[in-house]
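Engineer: When you get a sec, could you give me coordinates for this:
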Amino acid sequence: MASHLAVVSDDPPQLEPWRGVVRSHLTRFAGNTLAAYRRDLTAWEEWCVDHHLDPLRARAHDVEQYLDSIDLRAATKRRRLSAIASAFETAKTMGLITGDAPTAGIERPKPQARARSLDAAQARRLQACAADAGQFTAALVMLLMRAQLRVSEACNLHVEDLDLGSGRYSMRIGRRGSFAFDAETLVAIRQYLGARRTGALFERGDGTQLTRYDARRIVIRLIDAAGLPPFLSADDLRFADVE
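Structural biologist: Residues are numbered from 1 along each chain as shown. From the prediction side, this is the model:
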């Protein structure tokens, strides 16, 4: 599609449409998140200018080449990719590109293994314990471990944020934008929700929204039940080695 064709020219690219997207996109953020995303999108624009490329007409291999060119740790590359991807979503809503964004099929860089993470066998054991505990707990653990959400991000999801048909979800806080579930996580969420299509994704017995403190207690009990190291926390699940 025309929106994905790279511009190869000796003339500098027309940047005002892209900058208009960035200005609109950054109104969603504040504080440190705003500063980080502004830096990330500025770095992408500068790389595009150096390569005589219109940022809005980049293709997937352009984004991959950009990520390969920056000597940063995986977590920072993931954030930069997230910033670019969410800006392209804003460009779509503004009618400046059509079809899938060039970031759609790019795998997010995986963080290097940390001391406080789960290996593949531990991840399988925890996932099995979560399944035994019920559909609620299984869906929560899948989001934390396979979708790599922080506890606060998972607890703030609403059913209305999910598109169960396409297998995508939108974030209200943190790394805002549209993201895809993997197949196993999508199945777990569908089984947990059943016919429910409104409200907080995770609700307590009294119908109120699950808090991050509740979620952490649930995960700590699972970690103990699975016989995993006691120093692990709920937020460590997103660094698990999942298959």
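
Engineer: contacting residues for the residue nearest the centre of the chain?
Structural biologist: Nearest to the mean C-alpha position of the chain, by CA atoms, centre = their mean, lies F179 at 5.5 Å. By CB atoms under 8 Å, 6 or more residues apart in numbering, F179 lies in contact with A147, R168, Y169, S170, M171. C-beta: built from backbone N, CA, C; applies to glycine.

Engineer: Within the helices and strands, which one has it?
Structural biologist: Assigned by DSSP states H and E, F179 belongs to strand 177-180.

Engineer: Tell me which helix or strand comes right after that strand.
Structural biologist: Counting by DSSP H and E, what follows strand 177-180 is helix 183-193.

Engineer: ok, and for that next one, which residues are buried?
Structural biologist: For helix 183-193, burial by neighbour count (16 or more other CB atoms under 10 Å) applies to T185, L186, A188, I189, Y192, L193.

Engineer: Quick check: the two most widely separated of those?
Structural biologist: T185 and L193 (12.4 Å; CB to CB).

Engineer: Would you mind listing the residues touching both of the two?
Structural biologist: Counting by CB under 8 Å, 6+ apart, the shared contacts of T185 and L193 are A139.

Engineer: which residues of the protein fall in strands?
Structural biologist: Under the criterion DSSP state E, strands of the chain are mapped to 162-163, 168-171, 177-180.

Engineer: What strands line up against the second one, and which way round?
Structural biologist: Strands adjacent to strand 168-171 in the sheet, as given by DSSP bridges, are strand 162-163 (antiparallel), strand 177-180 (antiparallel).

Engineer: Mind jotting down where the helices sit in this structure?
Structural biologist: 16-26, 31-50, 60-69, 74-93, 120-133, 135-145, 151-155, 183-193, 212-225 (DSSP state H).

Engineer: from the chain's centre, how far out does the last one sit?
Structural biologist: Remark: helix 212-225 is offset 22 Å from the chain centroid, using CA atoms, centre = their mean, to the nearest Å.

Engineer: Report the buried residues of that helix.
Structural biologist: Across helix 212-225, burial judged by 16+ other CB under 10 Å covers R212, D214, A215, I218, V219, L222, I223.

Engineer: first to last residue in stretch 188-206, what's the distance?
Structural biologist: Its start and end residues considered, stretch 188-206 measures 22 Å (CA to CA, to the nearest Å).

Engineer: Next, count neighbours for G165.
Structural biologist: 6 (other CB atoms under 10 Å).

Engineer: what does the one 4 residues further on give?
Structural biologist: Neighbour count for Y169, taken as other CB under 10 Å: 24.

Engineer: for D68, what are its contacts?
Structural biologist: By CB under 8 Å, 6+ apart, D68 has no neighbours at all.

Engineer: Return the alpha-carbon coordinates of the helix or strand of the chain with the lowest mean pLDDT using PDB.
Structural biologist: When each helix and strand of the chain is scored by mean pLDDT, DSSP states H and E, strand 177-180 comes last, with a mean of 79. What follows is strand 177-180, C-alpha atoms only, in PDB (Å, rounded to 0.1, in the frame of the first residue of the first chain):
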ATOM      1  CA  GLY A 177      -1.800   1.500  22.000                       C
ATOM      2  CA  SER A 178      -3.200  -1.600  20.500                       C
ATOM      3  CA  PHE A 179      -1.600  -5.000  21.000                       C
ATOM      4  CA  ALA A 180      -2.200  -8.600  20.100                       C
END
